[in-house]
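> Fold the following.
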Amino acid sequence: AFKLGAWPLRMTSVAASISAAFGDDVDLYAILGVERSADASALRKAFRKKSLKYHPDKNPGDERAVGKFQALCAVHSILADPESRRVYDETGEVVSSESDDGDTERADWMAYWRTLFPKVTVEKIQKFREEYRDSEEERQAILRAYESQRGDMNVVLETVMCSDDETDLRRFKKIIRKAIRAGDVEDFGFVYTKSESREGEAKEAEELLAKIQAENGGGAGADPLSMIRNRRQARAASFLDGLEARYKEMDARTKSLRPEPQKKYAKPAKEPEIDEEEFQRIQARILKRRNRKSKAASR
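Numbers count the residues shown, from 1 in each chain. Coordinates of the predicted model:
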């Protein structure tokens with residue numbers, strides 16, 4: 001009998017594809033790397049991370065990767081559906097919404113994946129900006145950032161999505177002042193220093209959007225927000241590595257310039273202790289020698 005996890009199962013095409021990709025004795029939750037209590041958000045996050053590793057676009061011509069990708073899609077479709085997940089949890093049986101009367105390759109798992117993780121386009125970004133701007137969600141994000149950063153508007157503008165120094169600083173301040181008057185947030189004042197790095201990032205974002213539009217005609221393209229985030233992280237890592245190297249170099253130079261520790265002078269030998277009788281004899285010899293010298297000088 002075919003087994004998936006601890007349960008003997010009927011060999012369906014979906015179950016067979018999962019078995020072929022990850023083995024017979026494997027648990028669906030273990031495939032995604034989540035606990036059995038994982039909620040929908042955790043399942044989706046784990047599925048995205050795993051599936052990106054085997055995505056056909058990243059593994060052209062690799063049939064094994066394609067098989068794992070399709071199996072991961074099947075696993076998520078089972079666990080994401082409350083009824084099929086309940087059946088699996090109780091009996092171990094894999095119930096899929098896909099038909100079992102043919103090979104699972106007939107199932108358009110790419111369409112399934114794209115439904116869950118649609119590619120970002122220029123139009124979608126612009127639409128999101130329009131819907132997010134002046135929304136309650138944006139307002140809450142602004143106030144949370146303002147309070148957590150105690151009035152540092154530089155960080156607020158970096159934290160809140162789709163924000164821009166030139167167009168949003170005044171608008172954000174207006175929202176915050178209104179919330180302060182209403183007693184919704186504490187008044188920390190406003191701290192803002194125009195940053196060349198943020199201007200560069202804004203320009204970079206515009207260039208990426210233009211690139212997407214030019215290459216894809218406004219269609220599906222790479223996620224520019226992720227690209228910008230990755231570049232920031234790479235620059236930060238490079239900066240820290242360089243800073244560490246410079247620190248080590250400066251530390252080495254400092255050590256080389258330090259004067260050698262001065263040798264401590266040897267302590268004088270401790271005078272031997274003498275008793276009173278010996279002291280009197282020595283004193284007598286000294287006085288006798290002095291008397292001789294004084295008599296010789298008087299002659």
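
> The residue lying closest to Ala71 once chain neighbours are set aside: what's it in contact with?
Leaving out its chain neighbours, the residue that sits closest to Ala71 by Cβ to Cβ, 6 or more residues apart in numbering is Ala21, at 3.6 Å. In this view, the C-beta of every residue, glycine as well, is placed from N, C-alpha and C. Ala21 is in contact with 67-68, 70-72, counting by Cβ atoms under 8 Å, 6 or more residues apart in numbering.

> what's the answer for Leu143, then?
If you count contacts by Cβ under 8 Å, 6+ apart, then Leu143 has 175-176, 179, 184-185 around it.

> how much space between it and Glu166?
21 Å (Cβ to Cβ, to the nearest Å).

> In CSV: the contacts of Ala21, plus distance to Phe190 and neighbour count.
As requested, the contacts of Ala21 are arranged in CSV below (distance: Cβ to Cβ, whole Å; neighbours: other Cβ atoms under 10 Å):
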residue, distance to Phe190, neighbour count
Gly67, 56, 18
Lys68, 52, 23
Gln70, 53, 25
Ala71, 53, 24
Leu72, 48, 26
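
> Rebuild the residues you listed as JSON lines, extending it with pLDDT, distance to Gln126 and secondary structure.
Converted to JSON lines, these look like this (pLDDT from 0 to 100; distance: Cβ to Cβ, whole Å; DSSP: H, G, I helix; E, B strand; the rest coil):
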{"residue": "Gly67", "pLDDT": "90", "distance to Gln126": "38", "secondary structure": "helix"}
{"residue": "Lys68", "pLDDT": "91", "distance to Gln126": "35", "secondary structure": "helix"}
{"residue": "Gln70", "pLDDT": "90", "distance to Gln126": "34", "secondary structure": "helix"}
{"residue": "Ala71", "pLDDT": "90", "distance to Gln126": "36", "secondary structure": "helix"}
{"residue": "Leu72", "pLDDT": "92", "distance to Gln126": "32", "secondary structure": "helix"}
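
> tell me which of those is nearest to Arg129?
Leu72 (32.1 Å; Cβ to Cβ).

> pLDDT below threshold where in the stretch 1-150 of the chain?
1-12, 96-107, 120 (pLDDT under 70).

> where exactly do the strands run in it?
In the stretch 1-150 of the chain, the segments counted as strands under DSSP state E, counting those that start in this stretch are 2-4, 7-9.

> What number of residues are in the vicinity of the nearest residue to Thr193 once chain neighbours are set aside?
Closest residue to Thr193 apart from its sequence neighbours, by Cβ to Cβ, 6+ apart: Asn154 at 6.0 Å. Residues lying near Asn154 (other Cβ atoms under 10 Å) number 17.

> name the element Leu169 belongs to?
helix 165-181 (DSSP states H and E).

> Pull out the buried positions in that helix.
Judged by neighbour count using 16 or more other Cβ atoms under 10 Å, the buried positions of helix 165-181 are 165, 168-169, 172-173, 175-176, 179-180.

> Is it possible to get JSON lines of those that adds pLDDT and distance to Lys119?
Formatted as JSON lines, the buried residues of helix 165-181 follow (pLDDT from 0 to 100; distance: Cβ to Cβ, whole Å):
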{"residue": "Asp165", "pLDDT": "79", "distance to Lys119": "28"}
{"residue": "Asp168", "pLDDT": "92", "distance to Lys119": "26"}
{"residue": "Leu169", "pLDDT": "93", "distance to Lys119": "31"}
{"residue": "Phe172", "pLDDT": "96", "distance to Lys119": "30"}
{"residue": "Lys173", "pLDDT": "96", "distance to Lys119": "35"}
{"residue": "Ile175", "pLDDT": "97", "distance to Lys119": "32"}
{"residue": "Ile176", "pLDDT": "97", "distance to Lys119": "35"}
{"residue": "Ala179", "pLDDT": "96", "distance to Lys119": "36"}
{"residue": "Ile180", "pLDDT": "96", "distance to Lys119": "40"}
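
> Can you redo these as CSV, where the extra columns are distance to Asp27?
Below are the buried residues of helix 165-181 laid out as CSV (distance: Cβ to Cβ, whole Å):
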residue, distance to Asp27
Asp165, 50
Asp168, 48
Leu169, 51
Phe172, 48
Lys173, 53
Ile175, 48
Ile176, 49
Ala179, 48
Ile180, 52
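
> which pair in these spans the largest distance?
Asp165 and Ile180 (21.3 Å).

> In this structure Phe47 contacts His76, no?
Yes: when contacts are counted by Cβ atoms under 8 Å, Phe47 is listed as touching His76 (4.1 Å).
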